[in-house]
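In: All I have is the shape, not the residue letters:
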């Protein structure tokens, strides 16, 4: 029986506690607060929302120190180290610049923006202000992804030849996804399988895709096929119409890895040989942080990177973030969805 390498865990005990503010008080901010208060020593102390009463209600729910109706007011506080930006994608450039220009380090929900030039502007501003800016691609910081990186880097899988994934979840009843500025499924959801493919294969040389559009011309489903410089291939199905087990796998010349469902949350990873009955090895995540509780791994990583004086995340660089947005927008153009 093959033994898998042990994953690196971004631990709370190894992450210097920061004082955090939150921009936005929607469901993802709610998910972040639930895991932060349960699984971390990081201090989320203040929240801001432009919707009257929303910040106050959020702060009361999570027993936070203070609430603000102005992002500028929160960003101006000298006792705040970093800001988690959980607003709608359409206004992330504006609000990210408010935080960055106030000298605050930022963890920005994905997709960082729905426009490549806007994302470039955010990263340029962060570099100028010498603050850490990270897009919250939380999958990169999960334990099973660290095992995957090790299996690739040590040659266990051999040269990567094929990456396949899907993200199919019945979300037609989520108005945000089908409202301009709310994310679009191919960008909001599709950024996951795009980043998954490009993590292992780099940027695509060719993209071929087709999709099904909502009556308002926003995408409901996308099938994408990509070819890379090495000759490797990748394909994924992204659907906000229907649900399937959310599965992902990576195949190399010497073997393959598959991830538990859903693959982009804390689950598991299995190593497969090339033969039908080759021995398997599986690592199961038993850290007690399933589903969106796993958001905290990226927060601990962020705190460690900040203490190291870094301005971007080694596991998800600005270049990678921009490349993934670029691919998402190219696919959006091919399938004919409107994004703004």
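Out: Received the coordinates, thanks. This structure is a prediction, so every number in the text was calculated from the model and none was measured.
In: Any regions of the chain where pLDDT drops low?
Out: For the chain, residues meeting the criterion pLDDT under 70 lie at 1.
In: Quick one: the helices in it, in order.
Out: All helices of the chain, identified by DSSP state H, fall at 27-39, 54-61, 71-75, 92-101, 116-129, 143-153, 185-188, 191-201, 296-307, 318-335.
In: and of those, who's closest to residue 255?
Out: helix 143-153 (8.2 Å; Cβ to Cβ). Backbone N, C-alpha and C define where each C-beta goes, glycine included.
In: one step back: how about the helices of the chain in JSON lines, adding distance to residue 275 and mean neighbour count?
Out: Converted to JSON lines, these look like this (distance: least, Cβ to Cβ, whole Å; neighbours: other Cβ atoms under 10 Å):
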{"stretch": "helix 27-39", "distance to residue 275": "40", "mean neighbour count": "18"}
{"stretch": "helix 54-61", "distance to residue 275": "53", "mean neighbour count": "18"}
{"stretch": "helix 71-75", "distance to residue 275": "56", "mean neighbour count": "20"}
{"stretch": "helix 92-101", "distance to residue 275": "47", "mean neighbour count": "22"}
{"stretch": "helix 116-129", "distance to residue 275": "43", "mean neighbour count": "17"}
{"stretch": "helix 143-153", "distance to residue 275": "17", "mean neighbour count": "20"}
{"stretch": "helix 185-188", "distance to residue 275": "37", "mean neighbour count": "27"}
{"stretch": "helix 191-201", "distance to residue 275": "22", "mean neighbour count": "24"}
{"stretch": "helix 296-307", "distance to residue 275": "34", "mean neighbour count": "22"}
{"stretch": "helix 318-335", "distance to residue 275": "34", "mean neighbour count": "20"}
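In: closest to residue 271 out of the ones you listed?
Out: Checked against Cβ to Cβ, the stretch from these lying closest is helix 143-153, at 6.6 Å.
In: and the angle from that closest one to helix 191-201?
Out: Calculated by axes from the mean of the first three to the mean of the last three Cα atoms, to 10 degrees, helix 143-153 forms an angle of 30 degrees with helix 191-201.
In: and helix 143-153, what other elements does it pack with?
Out: helix 191-201, strand 248-252, strand 256-259, strand 268-272, strand 281-284 (3 or more Cβ pairs under 8 Å, 6 or more residues apart in numbering; DSSP states H and E).
In: now what about that helix, what contacts it?
Out: Helix 143-153 is contacted from outside by 4-9, 139, 157, 160, 199-200, 250, 252, 257, 259-260, 266-269, 271, 283, 285, 287, 297, using Cβ atoms under 8 Å, 6 or more residues apart in numbering.
In: among these, which ones are buried?
Out: 4-5, 7, 139, 157, 160, 199-200, 250, 252, 257, 259-260, 266-269, 271, 283, 285, 287, 297 (16 or more other Cβ atoms under 10 Å).
In: I'd like the helices and strands packed on helix 143-153 as a markdown table, with distance to residue 128 appended.
Out: Formatted as a markdown table, the helices and strands packed on helix 143-153 follow (distance: least, Cβ to Cβ, whole Å):
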| stretch | distance to residue 128 |
| --- | --- |
| helix 191-201 | 25 |
| strand 248-252 | 36 |
| strand 256-259 | 38 |
| strand 268-272 | 39 |
| strand 281-284 | 41 |
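In: Which of the ones you listed sits closest to residue 328?
Out: Judged by Cβ to Cβ, the one of the helices and strands packed on helix 143-153 that comes nearest to residue 328 is helix 191-201, at 5.5 Å.
In: Compute the inter-axis angle for the closest one and strand 248-252.
Out: 10 degrees.
In: distance between helix 191-201 and the chain's centre?
Out: Taking Cα atoms, centre = their mean, to the nearest Å, one finds helix 191-201 lying 11 Å from the centre of the chain it belongs to.
In: What helices and strands are in contact with that helix?
Out: helix 143-153, strand 160-168, strand 219-228, strand 233-239, strand 248-252, helix 318-335.
In: Redo those as TSV? Include distance to residue 19.
Out: Below are the helices and strands packed on helix 191-201 laid out as TSV (distance: least, Cβ to Cβ, whole Å):
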stretch	distance to residue 19
helix 143-153	27
strand 160-168	34
strand 219-228	39
strand 233-239	37
strand 248-252	36
helix 318-335	25
